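Undergrad: For reference, the sequence and a predicted model appear below.
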Amino acid sequence: MSLQVFRHWIPTVKDAFDRTLMVAKFFCGLHVTNTFLCTCALAMGPSMLPTLNLTGSLVLVERLSIRFGKMASGEVVLIRSPEEPRKVVIKRIVGVEGDAVGNEEATAVVPKGHIWIEGDNKHNSRDSRQFGPVPYGLLEGRVFWVMWPPEDFGSVGRKVENNSLERSLVVKKHKRQKFQG
Amino acid sequence: MSRLFQFARQWKPIIKEGFSQSFLIAKFLCLLHVTNTHVCTPVLVYGPSMLPTLNLTGDVVLVEHLSQKFGKVGPGEVVVVRSPENPRKTVTKRIVAVEGESVTFLVEPALSDRSHTVVVPRGHVWIQGDNIYSSRDSRQFGPVPYGLILGKAFWRVWPPDGFGSL
C-alpha cells in the first residue's frame, strides 16, 4: 500500500526538483554576472556627499575596468575596507601608484600596486588620510551610475582633484577671457 | 531560394544539437568556476620562498576558500594572498601574526642579526615565507589587509611523494 503512495508522489517530486534546478541555474547565472560584469550596491553614510546621499543611494558597479587595466585617478570605486575585511566602502581614487598626494603640510608618494582613496566629503570621511594607501587588490568595482534616489539618477563621473597650482592657472585663463570678451 | 530553405532545414537539428551541447558545457564550466572560487581550487606554487615546506620547482596544492570567508584563518597556516605590490600576482606565504599581535622578525637574516618589532594593525595579517633568506613578504611590504587573502592551502596534490596535508 505504501508503494502506491510513493508512486503517486514521483511526478510531483520530479517537477519540484526540476524547478529547483532551474532556480539554482538562474542564481548561478546571476552570481556570475554580479561577480564579473555588473552589480548593485547600497551606499550609505556621509563620506561621499554631495555625490551620494547620506541615507542611501542605490548604485551600479561594474567589474570590468578593474580587471582590464589600471583605474585612473578621479573614479568612484567600491573597495574592501583595509580595516574591516567584511565591510565594503565607496570612495574616490585621488592618486594611483607614483602620484604625490596631499596638501602643503604633508605630501606622500603612493607606492607601487597601491591607490590613495578619499571621500568627497573631506570633513566626515575615514579614508586613506587615516589608514594610508590601499593595495589595488582590494578594489571590487567601479561605481558608474546612480539608480536611486530618482533625483540623483544619472552617471557618476570622474572628478580630478584641483590642486592649488591648477586652480591658479584656471583663474588666470578666466581673467584673460574676460579682457578679450 | 528554395535551395537555401532546404539547406537550412537540413542543418537545423545539427545546429540545435550544437547549441544544447555548448550550453551543457557552459553550465558545467559555471559550476566548476563557482566551486573554484568559493569552495576549493588547485593552485600551482613555485619559487624558493616557502622551502622546505613547498618545492622550488612547483607544487600543486589545494586551496580552500571557506575558512577565509568565515574568518577562521589564523597564525601558522599557509595562505594564498593577492600581492599588495602587483595586484595581478598571487603569492603563497605563512601567516605569522594577526591583528593586535606584535611580531619580532629578522629584517635581513643573510646580512645581519638586526631584528625589528611591529604591532599588526586592525584588519591586517603579517605573512612570511618559510625560507626567510629568500622571501619577499611582510618584512618588505608591511602587514597585508585581511581582504587580500584568497584562501588557505591545506593539501598538496603534486609531486606524489609530497602528497598529504601541509
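TA: Here it is on my side, so go on.

Undergrad: Scan chain B for its longest strand.
TA: strand B:149-158 (DSSP state E).

Undergrad: Residues contacting that one, please?
TA: B:41-43, B:45, B:54, B:58-65, B:67-68, B:73, B:77-82, B:90, B:92, B:125, B:162-166 (CB atoms under 8 Å, 6 or more residues apart in numbering or on different chains). (Each C-beta comes from the backbone N, C-alpha and C, glycine too.)

Undergrad: For chain B, see how far away residue A:80 is.
TA: 4 Å (CB to the nearest CB, to the nearest Å).

Undergrad: and that residue, how many neighbours does it have?
TA: Residue A:80 has 21 neighbouring residues, counting by other CB atoms under 10 Å in any protein chain shown.

Undergrad: shouldn't it be in contact with residue A:90?
TA: No. If you go by CB atoms under 8 Å, residue A:80 and residue A:90 don't touch, sitting 11.2 Å apart.

Undergrad: does the residue most central in space within chain B sit in a helix, a strand or a coil?
TA: Centroid-nearest residue in chain B: residue B:80, 3.7 Å away (criterion: CA atoms, centre = their mean). Secondary structure, DSSP: H, G, I helix; E, B strand; the rest coil: residue B:80 is strand.

Undergrad: Go ahead and confirm it touches residue B:65.
TA: No. At 9.5 Å, residue B:80 does not count as touching residue B:65 under the criterion of CB under 8 Å.

Undergrad: Show me the shaky parts of chain B.
TA: Chain B contains no residues with pLDDT under 70.

Undergrad: Return the residues of it in contact with chain A.
TA: Residues of chain B lying close to chain A (CB under 8 Å from any CB of the partner chain) are B:27, B:30-31, B:33-34, B:37, B:71, B:82-87, B:121-124, B:144-148.

Undergrad: How many neighbouring residues does residue B:123 have?
TA: For residue B:123, the neighbour count with other CB under 10 Å is 20.

Undergrad: part of a strand, is residue B:5?
TA: No. Read with three-state DSSP, residue B:5 is helix and lies in no strand.

Undergrad: So it versus residue B:11, what's the distance?
TA: Separation of residue B:5 from residue B:11 (CB to CB, to the nearest Å) stands at 11 Å.

Undergrad: do residue B:102 as well
TA: From residue B:102 to residue B:11 the distance is 71 Å (CB to CB).
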